[in-house]
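Asker: predicted model and sequence below, questions to follow.
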Amino acid sequence: MTVTKDDIVNGVMKKTKLDRNIAKNLIESLLKIVKGTLASGEDVLISGFGQFQVRHKWARMGRNPNPKEAHEISERKVVTFYPSKVFRKKMNPQSLGLASKRPMNSTELIQYAKRLMI
């Protein structure tokens, strides 16, 4: 199951006893700030959660597997997420010492968000 923005709003409402509109505006404002900061090329660090980093990917040659035609993949910026040590410990308490600093995939991020909502 995927956690949606509405699920997050409901979780904020339950934990803080805020009105639905206030909780929704709070989440919307937070996401707007994060998106604006990342769009300007700056990283976002949330202590105890992780860091969102903007990375530049250079243009490169790719191949369409069906007709096997080569084509250029244009350069672009991508956002990666690196979980904090606290986050990694909550996700995998047995493997904290072995965990490398790697981007968290969407499934891991969703699982962690669900655990926070409980």
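Answerer: Good, I have the coordinates.

Asker: got a list of what Leu109 touches?
Answerer: Counting by C-beta atoms under 8 Å, 6 or more residues apart in numbering, Leu109 touches Phe81. C-beta: built from backbone N, CA, C; applies to glycine.

Asker: tell me which residues in the helix or strand hosting it are buried?
Answerer: For Leu109, the host element (DSSP states H and E) is helix 106-117. Residues 108-109, 112 are the ones in helix 106-117 that count as buried (16 or more other C-beta atoms under 10 Å).

Asker: now do that helix: distance to the chain's middle.
Answerer: Offset of helix 106-117 from its chain centre (C-alpha atoms, centre = their mean, to the nearest Å): 10 Å.

Asker: what is the burial count for Val54?
Answerer: 16 (other C-beta atoms under 10 Å).

Asker: now do the same contact list for it.
Answerer: Val54 touches 38, 41-43, 77-79, counting by C-beta under 8 Å, 6+ apart.

Asker: any of these buried? List them.
Answerer: Buried among these (16+ other C-beta under 10 Å): Leu38.

Asker: which pLDDT value does the model give Lys68?
Answerer: In this model, Lys68 is scored at 82, pLDDT.

Asker: ok, Ile33 next?
Answerer: The per-residue pLDDT reported for Ile33 equals 97.

Asker: ditto for the one 3 residues further on
Answerer: On the pLDDT scale, Gly36 is placed at 96.
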